[in-house]
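Participant: Generate a structure from the sequence data that follows.
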Amino acid sequence: MEKLFSALALSALILVPSYSIVTVQTHSSLQSRLSETSDQAEAAPSIQNLGTGLSEAEAVQVAEDLQARIARKYEPTYSLDRFKFEFEHEETKNGFVGIDVSVNVEMTLKRDPSQSPYAKGMEKGKAALTEEAEKEAAQEKIDDFLEESESYLDKPSNSWLLYHIRIPEAEFRGTSPGRDLTAGNSRLNYELFYREDVREDEKILSPAEPAAPLNESEAESDGIETVREAASKASRP
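Facilitator: Just a heads-up that it's a prediction; the model follows:
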């Protein structure tokens with residue numbers, strides 16, 4: 001499961017306080033390629049290769065892939081800007097080379113929180129209530145959610161998404177048949193994983209599913225349940 005580490009505190013996402021990142025020099029090729037993939041990107045993406053064996057072209061390719069993936073998931077609910085990519089912690093194991101990829105991005109909530117599936121679920125849950133005390137408790141819960149959520153509207157938040165790529169060692173070392181690391185059109189084949197850093201020397205990897213829009217299928221039912229719980233407490237003697 002992909003985890004988003006951010007200062008945002010909205011429902012349906014597990015979020016924690018944001019971190020800072022040092023701005024690094026932008027590669028001109030990354031700037032020219034990635035600026036075409038997001039009309040909302042005002043600042044050119046930057047890339048930092050911290051001692052891995054990836055070529056610049058390969059790092060650019062992975063960065064392009066990840067930026068497109070993140071945009072597909074979070075836009076237009078959020079606008080995305082100031083992408084930064086860090087490649088580090090290369091390790092070889094069982095015939096594969098693994099590399100951690102950390103993506104820092106400035107995310108800005110653009111959707112009115114009242115139009116979110118969670119808020120609509122809360123309103124639906126309130127409409128099903130009959131007792132006045134329950135309705136008042138439900139409305140208080142809705143107001144609290146909107147007040148908190150609206151404080152993030154149109155305010156940039158520094159966010160991290162953590163990944164890991166795994167590449168066959170023969171391909172990575174350039175020893176597979178036909179592999180030319182200098183070819184500009186040579187595409188790196190890799191597996192993508194979500195990464196959770198448990199400790200400095202321990203991480204949990206899970207296979208990344210195909211790129212898709214943000215899944216909010218359970219948000220409405222979560223909103224309904226939140227209101228029901230508030231109403232239940234209000235109706236107790």
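Participant: Below-threshold pLDDT in this structure: ranges please.
Facilitator: Residues of the chain meeting the criterion pLDDT under 70: 1-44, 174-186, 237.
Participant: Walking through it, point out its helices one by one.
Facilitator: Taking DSSP state H as the criterion, the chain carries its helices at 28-34, 56-74, 117-127, 132-150, 169-172, 219-235.
Participant: Those helices: which one's closest to residue 212?
Facilitator: Of all these, it is helix 56-74 that lies closest to residue 212, at 6.8 Å by CB to CB. (C-beta placed from N, C-alpha, C; glycine too.)
Participant: Which elements pack onto that closest one?
Facilitator: With contacts taken as 3 or more CB pairs under 8 Å, 6 or more residues apart in numbering; DSSP states H and E, helix 56-74 sits against helix 28-34, strand 46-49, strand 78-93, strand 96-109, strand 156-168.
Participant: mind listing what's buried in that helix?
Facilitator: 57-67, 69-71, 73-74 (16 or more other CB atoms under 10 Å).
Participant: Tell me which of the helices of the chain sits nearest to residue 192.
Facilitator: Among the helices of the chain, helix 56-74 sits nearest to residue 192 (CB to CB), with 7.9 Å.
Participant: Convert the C-alpha atoms of that closest one to PDB, please.
Facilitator: Extracted C-alpha coordinates of helix 56-74, given in PDB (Å, rounded to 0.1, in the frame of the first residue of the first chain):
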ATOM      1  CA  GLU A  56      21.300  10.100 -15.800                       C
ATOM      2  CA  ALA A  57      19.000   8.900 -18.600                       C
ATOM      3  CA  GLU A  58      17.800   6.000 -16.500                       C
ATOM      4  CA  ALA A  59      17.200   8.200 -13.400                       C
ATOM      5  CA  VAL A  60      15.200  10.600 -15.700                       C
ATOM      6  CA  GLN A  61      13.100   7.700 -17.000                       C
ATOM      7  CA  VAL A  62      12.200   6.500 -13.500                       C
ATOM      8  CA  ALA A  63      11.400  10.000 -12.400                       C
ATOM      9  CA  GLU A  64       9.200  10.600 -15.400                       C
ATOM     10  CA  ASP A  65       7.400   7.300 -14.700                       C
ATOM     11  CA  LEU A  66       6.800   8.200 -11.100                       C
ATOM     12  CA  GLN A  67       5.700  11.800 -11.700                       C
ATOM     13  CA  ALA A  68       3.100  10.500 -14.200                       C
ATOM     14  CA  ARG A  69       2.000   7.900 -11.800                       C
ATOM     15  CA  ILE A  70       1.500  10.300  -8.900                       C
ATOM     16  CA  ALA A  71      -0.300  12.900 -11.200                       C
ATOM     17  CA  ARG A  72      -2.700  10.200 -12.300                       C
ATOM     18  CA  LYS A  73      -3.500   9.300  -8.700                       C
ATOM     19  CA  TYR A  74      -3.800  12.700  -7.100                       C
END
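Participant: What is the end-to-end distance of stretch 48-62?
Facilitator: 12 Å (CA to CA, to the nearest Å).
Participant: returning to what we had before: JSON lines for the helices of the chain, including distance to residue 96?
Facilitator: Converted to JSON lines, those look like this (distance: least, CB to CB, whole Å):
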{"stretch": "helix 28-34", "distance to residue 96": "25"}
{"stretch": "helix 56-74", "distance to residue 96": "15"}
{"stretch": "helix 117-127", "distance to residue 96": "39"}
{"stretch": "helix 132-150", "distance to residue 96": "42"}
{"stretch": "helix 169-172", "distance to residue 96": "6"}
{"stretch": "helix 219-235", "distance to residue 96": "37"}
